[in-house]
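S.K.: 3D model of this:
(2 chains)
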Amino acid sequence: MRASILKVENFAKHFRLHEQNKFIPSSHDVNLTVYAGELTALIGPTGAGKSSVLKGIYRTYLPSAGRILYRHALDHEIDLVHASDHQILELRRCDIGFVTQFLHCLPRQATLDVVAHPLVTLGIAREEARRRAAELLSAMNLPERLWSVSPATFSGGERQRVNLARGLIARPRLLLLDEPTASLDPATSEIVIGLIEDLKAQGTAMLAIFHHPELTRRLADRVVELSPPPALAKSLEKECA
Amino acid sequence: MNKVLEVRGLSKIYGPGCASCVESTGPEKETNLCPHCGSVVALHDVSFDLHEGEILGVMGESGSGKSTVVKNLYFDQMPSSGEATFFDADKQHDLFCLNAARQRWLRNHRFGMVYQNPHLGLNFNISAGGNIAERLLMSDLMDYGQIRERAKALLARTEVLLSRMDDLPGNFSGGMQQRVQIAKALATQPPLLYLDEVTTGLDLSVQARILDLILEIQQELKTAMVVVTHDLGVIRLLAGRAIVMKYGRIIESGLTDQILEDPQHAYTQRLVASAL
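M.R.: Below you'll find the predicted structure:
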């Protein structure tokens, strides 16, 4: 069996909105493992807290409960729930990539620079980073005339490709993917599937949210199904009040 | 990553101060004015670290104490208590234990400051180039030709028209004045830069170009920065980590995206919810 890169144990996330005095449950009781060179698929209905799991791992959300054990290349383990902000920033830079559902970028930054950015933060020279970004974008069939402009004006599918390219370019050890082929046409989806397979073959561990059973069947080595949080118990509401 | 700055328990009280100042003020009391002695608790127990090449955002509304933090660290004011250590290569400086001469030396050589109000950062009686020369002279560069060349290079880097180098800052637009201030702050290539509301009050397009410039400088020179702002957009763009202040206290700190997407404190939730 391959080495596990990420182990999530009894993860839960809920939100407390102080102003509205509300308690909003999201993920609960999530357990999963991601192995090097394998893809673990997260499936389940909307509202089951799938994205919250990814954001919890990446620290965009603060986990409410559980452990998130990440294994470094040098084999020591770190609980991401308790890691310091600086440790998380360093992991984001060197180890963990996240392709979110929506691409956030500056409306004045060229696509090539958006994609090259993760390499630049790793200390790779700008020209070399841009060259590799160009290679990847052409592999993904993004027309060259778009490279010098900002993705802000792109169609959903074009934007999604830029987003993916940025996530894949640094070949992270762990890649989190939130619906990577949403809004792509079938031909482009195939290209993306090919890229994910390549990355897997090179040993990247992946945790991905999929909505199409077809994709799950083709790409996933393991499947974890999340269920929506149980109806809000009265006791929780009281606790929050 | 190496630590550049370590701040521990920084406090600043304006006024006589009394035993009840701390417990009678703060976010829960919704005031920083002590009801017993009338002192203003501008800062209480502020602690944070800053690493090499990192940008830390300090956010909060007017009166939260966020500017007081950098004013203390830049020796514009002295704190009432607390410690700050500046790590410079293999040396450590205990900022508030240094004598005035050492503090001035650090200020002139190793720190840079850009104020919201250009009148605080620039001498309006001498030219833009002269302002930069002034700082270079303080840092022991004496050759006129060299100073002139270096000032030119800095103004070119911050996109100030060289043809206006000999004009007085008072004849510049607000955005240009900020560029001259940034050039002046960078003159000695300081490893630590403080930016206090540097884009507040500027046109959006001017803001964007100044923020881009700051990011470029951070990437080129690996300058560590403390960026004070009430503008969530500025924090989102520049800062990897952020602290949120209210009534002189840090009420929340974390990664910038976490603070903006999953704020924990009631006040931060309200702040994020009121973003345009």
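
S.K.: Quick check: closest non-adjacent residue to the closest residue to chain B within chain A.
M.R.: For chain A, the residue closest to chain B is residue A:18, as judged by CB to the nearest CB, at 3.4 Å. The C-beta positions use only the backbone N, C-alpha and C, and glycine is treated the same way. Once flanking residues are discounted, residue A:18 sits nearest to residue B:266: 3.4 Å by CB to CB, 6 or more residues apart in numbering or on different chains.

S.K.: my guess is that neighbour meets residue A:20, correct?
M.R.: No: using CB atoms under 8 Å as the test, residue B:266 is too far from residue A:20 to be in contact (10.4 Å).

S.K.: more crowded one of these two?
M.R.: Shown here are residue B:266 and residue A:20; by other CB atoms under 10 Å in any protein chain shown, residue B:266 has more neighbours (15 against 10).

S.K.: longest helix in the chain, by residue count?
M.R.: If you meant another chain, say so; for now it's chain A. helix A:186-201 (DSSP state H).

S.K.: my bad, the chain I had in mind was chain B
M.R.: Longest helix in chain B, counting by DSSP H: helix B:204-221.

S.K.: now the residue nearest the centre of chain B: how far from residue A:147?
M.R.: Among the residues of chain B, the one closest to the centroid is residue B:194, at 2.7 Å (CA atoms, centre = their mean). Distance check for residue B:194 against residue A:147: by CB to CB, to the nearest Å, it reads 37 Å.

S.K.: got it, and residue A:29?
M.R.: Residue A:29 is 45 Å from residue A:147, by CB to CB.

S.K.: More neighbours: the two, which one.
M.R.: Neighbours were counted for residue A:29 and for residue A:147 using other CB under 10 Å; residue A:147 has more, 19 against 14.

S.K.: In this structure that one contacts residue A:111, no?
M.R.: Yes: between residue A:147 and residue A:111 there is a contact at 5.1 Å, judged by CB under 8 Å.

S.K.: tell me the centre residue of chain A?
M.R.: Nearest to chain A centroid, counting by CA atoms, centre = their mean: residue A:176, 2.5 Å.

S.K.: where along chain B do the strands fall?
M.R.: B:3-14, B:40-51, B:55-59, B:81-88, B:91-94, B:111-114, B:192-196, B:224-229, B:241-246, B:249-255 (DSSP state E).

S.K.: follow-up on the earlier one: now do the contacts for the residue nearest to the centre of chain A.
M.R.: A:54, A:57, A:58, A:96, A:97, A:98, A:99, A:206, A:207, A:208 (CB atoms under 8 Å, 6 or more residues apart in numbering or on different chains).

S.K.: before we move on, which element is the second one in?
M.R.: Same thing as residue A:57. helix A:50-58 (DSSP states H and E).

S.K.: Provide the angle between the direction of that helix and the direction of strand B:249-255.
M.R.: 100 degrees (axes from the mean of the first three to the mean of the last three CA atoms, to 10 degrees).

S.K.: From the contact counts, what lies against helix A:50-58?
M.R.: strand A:4-12, strand A:39-43, strand A:96-99, strand A:174-178, strand A:205-209 (3 or more CB pairs under 8 Å, 6 or more residues apart in numbering or on different chains; DSSP states H and E).

S.K.: Mean pLDDT and distance to residue B:127 for these - can I get that in a markdown table?
M.R.: As requested, the helices and strands packed on helix A:50-58 are arranged in a markdown table below (pLDDT from 0 to 100; distance: least, CB to CB, whole Å):
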| stretch | mean pLDDT | distance to residue B:127 |
| --- | --- | --- |
| strand A:4-12 | 96 | 58 |
| strand A:39-43 | 96 | 62 |
| strand A:96-99 | 95 | 48 |
| strand A:174-178 | 96 | 53 |
| strand A:205-209 | 97 | 58 |
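
S.K.: Enumerate every residue touching residue B:185.
M.R.: Residues in contact with residue B:185 (CB under 8 Å, 6+ apart) are B:112, B:113, B:114, B:121, B:193.

S.K.: So which of these is the closest to chain A?
M.R.: When the contacts of residue B:185 are compared against chain A (criterion: CB to the nearest CB), the nearest one is residue B:193, at 19.1 Å.

S.K.: So which bits of chain A are right by chain B?
M.R.: Proximity of chain A to chain B (CB under 8 Å from any CB of the partner chain) is limited to residues A:15-19, A:55, A:59-62, A:85-86, A:88-90, A:106, A:108, A:120.

S.K.: Find the nearest non-adjacent residue to residue A:172, please.
M.R.: residue A:97 (3.6 Å).

S.K.: Repeat that for residue B:39.
M.R.: residue B:15 (3.0 Å).

S.K.: OK, contacts around that neighbour?
M.R.: The contact partners of residue B:15, by CB under 8 Å, 6+ apart, come to B:34, B:37, B:38, B:39, B:40.

S.K.: And the buried ones among those, selectable in PyMOL?
M.R.: Those of the contacts of residue B:15 that count as buried under 16 or more other CB atoms under 10 Å in any protein chain shown are selected in PyMOL with:
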select buried, chain B and resi 34+39+40
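
S.K.: Which two among the contacts of residue B:15 are spaced furthest apart?
M.R.: Maximum pairwise distance in the contacts of residue B:15, criterion CB to CB, is 10.2 Å, between B:37 and B:40.

S.K.: Could you give the bridge partners of residue B:91?
M.R.: residue B:88 (DSSP bridges).

S.K.: can you check residue A:9 too?
M.R.: Taking DSSP bridges as the rule, residue A:9 bridges to residue A:67.

S.K.: Can you list the buried residues in stretch B:269-276?
M.R.: Here stretch B:269-276 shows B:269, B:271, B:272 as buried, counting by 16+ other CB under 10 Å.

S.K.: from those, which is closest to chain A?
M.R.: residue B:269 (5.8 Å).

S.K.: So the closest one sits against residue A:21, correct?
M.R.: No: using CB under 8 Å, residue B:269 is not in contact with residue A:21; the gap is 11.5 Å.

S.K.: Which residue lies closest in space to the residue in the stretch 51-200 of chain B positioned nearest to chain A, excluding its sequence neighbours?
M.R.: At 6.3 Å from chain A, residue B:51 is the closest residue in the stretch 51-200 of chain B, using CB to the nearest CB. The spatial neighbour of residue B:51 that comes closest, neighbours along the chain excluded (CB to CB, 6+ apart), is residue B:1 at 4.3 Å.
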